[in-house]
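Colleague: build me a model from this:
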Amino acid sequence: MFESLSDRLQQTFAKLARRGRLSERDVDAALREVRLALLEADVNFRVVRDFVARVRERTVGAELSRSLAPGQQVAKIVYEELIATLGQPAPLSLSGPTPHSLMLVGLQGSGKTTTAAKLALHLRKRGLRPLLVAADTRRPAAIQQLVVLGKQLDIPVHTQDVQASPVQICAQAREEARKAAQSPLVVDTAGRLHIDGELMDELGRLKVQLKPTEVLLVADAMTGQDAVRVAEEFHARVGLTGLVLTKMDGDARGGAAISMRSVTGVPIKFLGVGEKLDALEAFQPERLASRISGMGDILGLIERTEEVFAEEEARRLEEKLRTASFDLEDFREQLVGMRRMGPLDQILEMVPGLSQLARQMPVQVSEAQLTRVEAIINSMTSEERRDPRILNASRKRRIARGSGTSIQDVNQLLNQFRQMQRLIKLFSSGDRMGLGANILSMFR
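Modeller: Here you go, the predicted model:
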């Protein structure tokens, strides 16, 4: 998401950087590009108007004239105003008597049921004991889906017959949670159109019954301006306390993410960034603004790495890299770790300066490719993994037979490993352009 917007902003910043000192005309020309980029990204026109006005006020004032690098200063101002537009993060409210309740609302198909499971997992990681509540009686498949997700995560799910009303279900769920000392309840409600008066009234009755500490609108970020209108209507009818934007890993223009806080005044609390059940991120405006403006998300990359690699393992790897003793066994371990971190193009987008490289990747590295690499390395002896230079033709034939691959596949892996070793040297030396070129060549 935001690929086109990020590219346009980076091109604009690059033009300004080449001009040195900037006149007011230069600033206006750049801001026209920024305005068009935001509108094309489906950002609400009122948000664009106010955003550009704030940036212009700062760039034509004393703040820019004192700068020795005005092009960089404009980029910094745009970044700061993006943060202001996205709004500050707001943690979940879990105060007051237990059990607390978190009510998820939204249109059908926005991803509420999966988001409920993701949110329950997020809460359990914080040391809480959540209870999932299947209150979507209009879609029996949603109840079964939540039960399946609950079993996958080992999180209890409260269900009742579909003949029971959502209000009755929630009342009994609260009693069950109270007896079992479970909190909070994560309530998956039925999807409904914001113009459906009867269903919106039902949400109102549910809110009275639950007295939720949070009413979270789950909105599909790929729906653009419609998501903003939906959020406005739900907020007016039910009273939202937060937004959860799903499908932020998609290829839509993403303007809803920039617009929704500014238009509704409701804070964004979480972002759904993938299909896996752990792909839910607490909203951090600085990190999202960094990615939109092409500055990467190095904090997000660090967090993903820490989740996958133990501290002791990271220290061991650092020592191997420093002493140039990185071998094929380590290569295999890193590939397995990368698979757990997510698609390679998403990882590259988090690295400052490599977001455009990520979009040049010809084909996303598939699970089958990585499985084949692991099979080849597993067919080697410990000695061969430590020193692949000893691999002659007969050894390669044995490895190919043992892994169910071809000698060509084995040779390709060895070439990739040699390129990986070069990448390590380039990364250590800070040669970012050389690093990017080598990463691309590995997957062509």
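
Colleague: only C-alpha atoms from now on, for both contacts and neighbour counts.
Modeller: Fine.

Colleague: who touches stretch 134-145?
Modeller: Residues outside stretch 134-145 that contact it (C-alpha atoms under 8 Å, 6 or more residues apart in numbering) are 113, 146, 157-160, 162-166, 169-170, 187-191.

Colleague: shaky segments in the chain?
Modeller: In the predicted model of the chain, residues 1-4, 17, 19-21, 61-71, 192-196, 250-254, 294-326, 334-368, 420-421, 423-444 satisfy pLDDT under 70.

Colleague: center of it - which residue?
Modeller: A centroid search over the chain (C-alpha atoms, centre = their mean) returns V273, at 3.2 Å, as the residue closest to the centre.

Colleague: does it touch T246 like I think?
Modeller: Yes: in this structure, V273 is within contact of T246 by C-alpha atoms under 8 Å, at 6.9 Å.

Colleague: which parts of the chain are strands?
Modeller: 101-105, 131-135, 157-158, 185-189, 214-220, 242-246, 268-272, 280-282 (DSSP state E).

Colleague: off-centre distance for the fifth one?
Modeller: From the chain centre to the centre of strand 214-220 is a distance of 17 Å (C-alpha atoms, centre = their mean, to the nearest Å).

Colleague: quick one, what contacts V266?
Modeller: 240-243, 260.

Colleague: with Y79 instead?
Modeller: Contacts of Y79 by C-alpha under 8 Å, 6+ apart are 289-290, 293.

Colleague: can we see that at 10 Å?
Modeller: 55, 73, 85, 286, 288-295 (C-alpha atoms under 10 Å, 6 or more residues apart in numbering).

Colleague: please apply the same query to Q369.
Modeller: So Q369 contacts A375 (C-alpha under 10 Å, 6+ apart).

Colleague: quick check: it vs I376, distance?
Modeller: Per C-alpha to C-alpha, to the nearest Å, Q369 is found 11 Å from I376.

Colleague: now intersect the contacts of Y79 with the helices, please.
Modeller: 55, 73, 85, 286, 288-292 (DSSP state H).

Colleague: can you put the residues you listed in TSV and add distance to G106 and neighbour count?
Modeller: What follows is the ones in helices among the contacts of Y79, written out as TSV (distance: C-alpha to C-alpha, whole Å; neighbours: other C-alpha atoms under 10 Å):
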residue	distance to G106	neighbour count
V55	34	20
Q73	40	21
T85	23	22
E286	26	20
L288	23	23
A289	25	24
S290	28	20
R291	27	23
I292	26	25
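
Colleague: turn those into CSV, columns for distance to A393.
Modeller: As requested, those are exported to CSV (distance: C-alpha to C-alpha, whole Å):
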residue, distance to A393
V55, 63
Q73, 58
T85, 61
E286, 53
L288, 50
A289, 52
S290, 49
R291, 46
I292, 49
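
Colleague: for R46, state which of the residues you listed is nearest.
Modeller: T85 (11.6 Å; C-alpha to C-alpha).

Colleague: now do the closest residue in space to the closest one that isn't next to it in sequence against R46, distance only.
Modeller: Excluding the flanking residues, the one nearest T85 by C-alpha to C-alpha, 6 or more residues apart in numbering is S262, at 6.0 Å. Separation of S262 from R46 (C-alpha to C-alpha): 9 Å.

Colleague: the more surrounded of those two?
Modeller: Higher neighbour count among S262 and R46: S262, with 18 against 11, using other C-alpha atoms under 10 Å.

Colleague: OK, contacts around that one?
Modeller: Neighbour list for S262: 44, 46-47, 84-87, 228 [criterion: C-alpha under 10 Å, 6+ apart].

Colleague: which two among the residues you listed are spaced furthest apart?
Modeller: A84 and V228 (17.7 Å).

Colleague: more neighbours: which of those two?
Modeller: It is V228, of A84 and V228, that has more neighbours when counted by other C-alpha under 10 Å, with 24 against 16.

Colleague: is it true that the more buried one touches V263?
Modeller: Yes: between V228 and V263 there is a contact under C-alpha atoms under 10 Å: 7.3 Å.

Colleague: contacting residues for E81?
Modeller: 51-52, 54-55, 75, 87, 289.

Colleague: can you list the domain ranges for the protein.
Modeller: 3-86, 101-284, 299-442 (automatic domain parsing).

Colleague: S93 is nearest to which of the ones you listed?
Modeller: That would be domain 101-284 among the domains of the chain, by C-alpha to C-alpha, at 5.9 Å.

Colleague: endpoints of the closest one, how far apart?
Modeller: Start-to-end, domain 101-284 (C-alpha to C-alpha) is 23 Å.

Colleague: nearest to E33, out of the ones in helices among the contacts of Y79: which one, please.
Modeller: Once C-alpha to C-alpha is applied, the member of the ones in helices among the contacts of Y79 that ends up nearest E33 is V55, at 12.7 Å.

Colleague: OK, contacts around the closest one?
Modeller: V55 neighbours (C-alpha under 10 Å, 6+ apart): 27, 31, 74-75, 77-82.

Colleague: which of the residues you listed fall in helices?
Modeller: Reading helices off these with DSSP H, I get 27, 31, 74-75, 77-82.

Colleague: quick check: closest non-adjacent residue to L206.
Modeller: Leaving aside its chain neighbours, L206 sits nearest to V167 (5.5 Å; criterion: C-alpha to C-alpha, 6+ apart).

Colleague: how many neighbours does the one you found have?
Modeller: V167: 18 neighbours (other C-alpha under 10 Å).

Colleague: before we move on, what about V410?
Modeller: 21.

Colleague: distance of it from F417?
Modeller: For V410, the distance to F417 - C-alpha to C-alpha - is 11 Å.

Colleague: ok, now A227?
Modeller: 45 Å.

Colleague: which one of those two has more residues nearby?
Modeller: Legend: neighbour count by other C-alpha under 10 Å for A227 and F417, higher for A227 (23 against 19).

Colleague: which ones are touching that one?
Modeller: Neighbours of A227 in contact, by C-alpha under 10 Å, 6+ apart: 106-107, 110, 218-221, 245, 255-257, 259-260.

Colleague: now do 7 Å
Modeller: With contact set as C-alpha atoms under 7 Å, 6 or more residues apart in numbering, A227 has these partners: 219-221, 256.

Colleague: and the ones in helices among the contacts of Y79, which is closest to G150?
Modeller: L288 (29.7 Å).

Colleague: burial check on L131, number of neighbours?
Modeller: 28.

Colleague: ok, now which ones touch it?
Modeller: L131 is in contact with 155-157, 177, 182-186, counting by C-alpha under 7 Å, 6+ apart.

Colleague: any chance you could list what contacts stretch 389-403?
Modeller: 375-376, 379-380, 384, 406-407, 410.

Colleague: any chance of those in a markdown table, plus distance to P97?
Modeller: Compiled in a markdown table, the contacts of stretch 389-403 are given as follows (distance: C-alpha to C-alpha, whole Å):
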| residue | distance to P97 |
| --- | --- |
| A375 | 54 |
| I376 | 57 |
| S379 | 58 |
| M380 | 59 |
| E384 | 62 |
| S406 | 64 |
| I407 | 65 |
| V410 | 61 |
